[in-house]
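Participant: Sequence and predicted model, in that order:
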Amino acid sequence: MTQRSILIIEDEADIRNLLQYNLEKDGFRTVPVASGEDGLQLVRNESPDIILLDLMLPGIDGLEMCRILKADRKTSNIPIVMLTAKGEESDIVAGLELGADDYITKPFSPKVVIARIRAVMRRRSSRPATGIEPIKIHGIEIHPGKRSVIVDGRHVDFTPTEFEIIYFLATHPGWVFTRYQIVDAIRDEVAAVTDRSVDVQIVGVRRKLGDFGDIVETVRGVGYRMKEEE
């Protein structure tokens, strides 16, 4: 079986070496770098299977790097697991909103890192690529196999979490879901989403839907729903 490659972008040498040692011991091939600039160059040359990305980097920080990678179609599908010493929810939410697949806060157990990496890879590999009919509602088309959204005839890019939320709501038009129910419904696809970050993701979905943003309705004191078609 081909070795899975992991790009480790971490400026602290001790942590970088710890990750490299444990990942290689577990059978992964690693490419460790200490800066975002080196990481950007290597991700385009190496095409890693997954990226471990520290948020607190010199020069280009982790959030900016995540933004750059997810905006580039050549690298947008590479899973990103954020490493951060920050306990602030705003930093975690910002990374998830940019398209990161998961996050791990420092200090961490190498066994936990490996388990989370394998979970992200399982979710990615288990996604069906073809054969699922698109959903058409309110002038938008959601293609679960292609993981794409067409709004009024134009392709709109959604982060993995945003896509899972709009797809889930669109499959149950008119049904009201609490934040906890939304998290439970999509946790197998994007494990890092939390009930407190659902509001942020909904804002992103509405913004990207543009004139169609009002189809995702807030039910005050309860949660959210996709408006039923008349």
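Facilitator: In hand now; what should we look at?
Participant: can you tell me which helix in this protein is longest?
Facilitator: helix 110-125 (DSSP state H).
Participant: And the next helix or strand past that helix?
Facilitator: Downstream of helix 110-125, the next assigned helix or strand under DSSP states H and E is strand 135-137.
Participant: picking up where we left off before, let me know the average pLDDT across the longest helix of the chain.
Facilitator: The average pLDDT within helix 110-125 is 82.
Participant: Counting by contacts, list what that helix packs against.
Facilitator: Helix 110-125 sits against helix 13-25, strand 50-54, strand 80-84, strand 102-105, with contacts defined as 3 or more CB pairs under 8 Å, 6 or more residues apart in numbering; DSSP states H and E. Where C-beta positions appear, they are placed from N, C-alpha and C, glycine not excepted.
Participant: To E141, which of those lies closest?
Facilitator: strand 80-84 (26.9 Å; CB to CB).
Participant: what comes into contact with that closest one?
Facilitator: 10, 15, 50-56, 62, 66, 69-70, 91-92, 95, 99-106, 108, 113, 116-117, 120 (CB atoms under 8 Å, 6 or more residues apart in numbering).
Participant: tell me the helices in this structure, going along the chain?
Facilitator: 13-25, 36-46, 62-71, 89-98, 110-125, 160-170, 179-186, 198-209.
Participant: what's the closest of these to N77?
Facilitator: Closest approach to N77 among the helices of the chain (CB to CB): helix 110-125, 8.3 Å.
Participant: That closest one to strand 50-54, inter-axis angle?
Facilitator: Helix 110-125 and strand 50-54 are oriented at 130 degrees to each other (axes from the mean of the first three to the mean of the last three CA atoms, to 10 degrees).
Participant: and helix 110-125 with helix 13-25, angle?
Facilitator: If you take the same axes, to 10 degrees, helix 110-125 sits at 60 degrees to helix 13-25.
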